[in-house]
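Student: Give me the fold of what follows.
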Amino acid sequence: MKVTELKGKIPEQLYSIVSKRYTELRPCQWKAIKNGLLEKKNLLVCTPTASGKTLLAELAGIKLILEEYKKMVYIAPLKALANEKYKDFKQHYSHLVRVALSIGDIDSSDPYLSRYDIIITTPEKLDSLIRHSAPWLPEVGVVVLDEIHLLNDPQRGPTLEILITLLKQLLPNVQLIALSATIGNPEELAEWLNASVVKDDWRPVELHKGVYLQGEIEFVKKE
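Tutor: Okay, the predicted model is just below:
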C-alpha cells in the first residue's frame, strides 16, 4: 500500500510529514488501517520488532488530536523506552503537537500536562495520575499500550492489568492500541480489550538461527 493512499484519510499536516518519511506502508500498517485504525477501533497488533508499529500510534493519535482536539497517552513499560519515544515524537511532530514526558514523581498529579497533546508515560506513573484525579483524563481519546505482553510479567503485569481495567471504566469510548512483538494468546487478550487482532510475520531484517561454539556459528538450515 502506497503512502499516497493515506491522502484524504488523515489531516493534511500529518500527511505532509508522513509522506516525506515513507513511500510505502509496511504490511502491519496497512492491515491495521483496514481493521479500523483510523476509525477509532481498538487494535491488538502482534508483529516483529521494527516492523512499523509506532507509526500506527502516530497516525491514530495525531489524527484525533488535530481533528477532535483530544489527547493521546502513550504507555511505555520502561523509563528508557518512554524517553526514546518522547525523543521520536518531538523530532517528527513538535511543530504540530505538544509532546510531554511524565515518568517522574509518582505522588504528583502533574497539572501542567493539561497543556499537552501527547503524554508519554509509564504504567506506574499513569496509575498515579489516575489516582490523583488528573483533570485532563476525560480529554484522552487514544491510549497506546506498548509491549502489552508484559501483562504476564509477575512484577509489572498486575499494575498494567489494573491500569487497563481502570482506563476501560473511566474512558469507555477511548481507542486502545496495544502493541507487541510476541504474544502467546492474542485472541484471548484481544477479546478482553474488545479489539481486533492484527498479525503479520514481516520483518525488515530476516532472522537466522544458529549455534555459536568456539568462535564459529553453525546456522540451522531452512527446510
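Student: Enumerate every residue touching the spatially most central residue of the chain.
Tutor: Centroid-nearest residue in the chain, with Cα atoms, centre = their mean: Val144, separated by 3.8 Å. Contact analysis of Val144 by Cβ atoms under 8 Å, 6 or more residues apart in numbering lists Ala57, Gly61, Met72, Val73, Tyr74, Ile75, Ile177, Ala178, Leu179. Quick note: C-beta positions are derived from backbone N, CA and C, even for glycine.
Student: Number of residues surrounding Gln175?
Tutor: The tally of other residues near Gln175 (other Cβ atoms under 10 Å) stands at 23.
Student: Give me the residue ranges of this protein where confidence is low.
Tutor: Where the chain drops to pLDDT under 70, the residues are 50, 202-208, 222-223.
Student: what ranges do the strands span in it?
Tutor: According to DSSP state E, the chain carries its strands in the segments 43-46, 71-75, 99-102, 118-121, 140-145, 175-180, 196-199, 210-213, 216-219.
Student: related to what we said a few turns ago, and which of the contacts of Val144 is nearest to Lys9?
Tutor: When the contacts of Val144 are compared for distance to Lys9, the smallest value, 14.7 Å, is given by Gly61; criterion: Cβ to Cβ.
Student: Disregarding residues adjacent in the polypeptide, which is nearest to that closest one?
Tutor: Leaving out its chain neighbours, the residue that sits closest to Gly61 by Cβ to Cβ, 6 or more residues apart in numbering is Met72, at 3.4 Å.
Student: Check the burial of the one you found by counting its neighbours.
Tutor: By the measure other Cβ under 10 Å, the count of residues near Met72 is 28.
Student: pretty sure it contacts Glu58?
Tutor: No - assessed by Cβ atoms under 8 Å, Met72 is found out of contact with Glu58, at 9.1 Å.
Student: ok so, going back, the strands of the chain into TSV, with extra columns for distance to Ser108?
Tutor: Putting the strands of the chain into TSV (distance: least, Cβ to Cβ, whole Å) gives the following:
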stretch	distance to Ser108
strand 43-46	31
strand 71-75	16
strand 99-102	9
strand 118-121	12
strand 140-145	18
strand 175-180	25
strand 196-199	36
strand 210-213	47
strand 216-219	50
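Student: Perfect, I'm done here.
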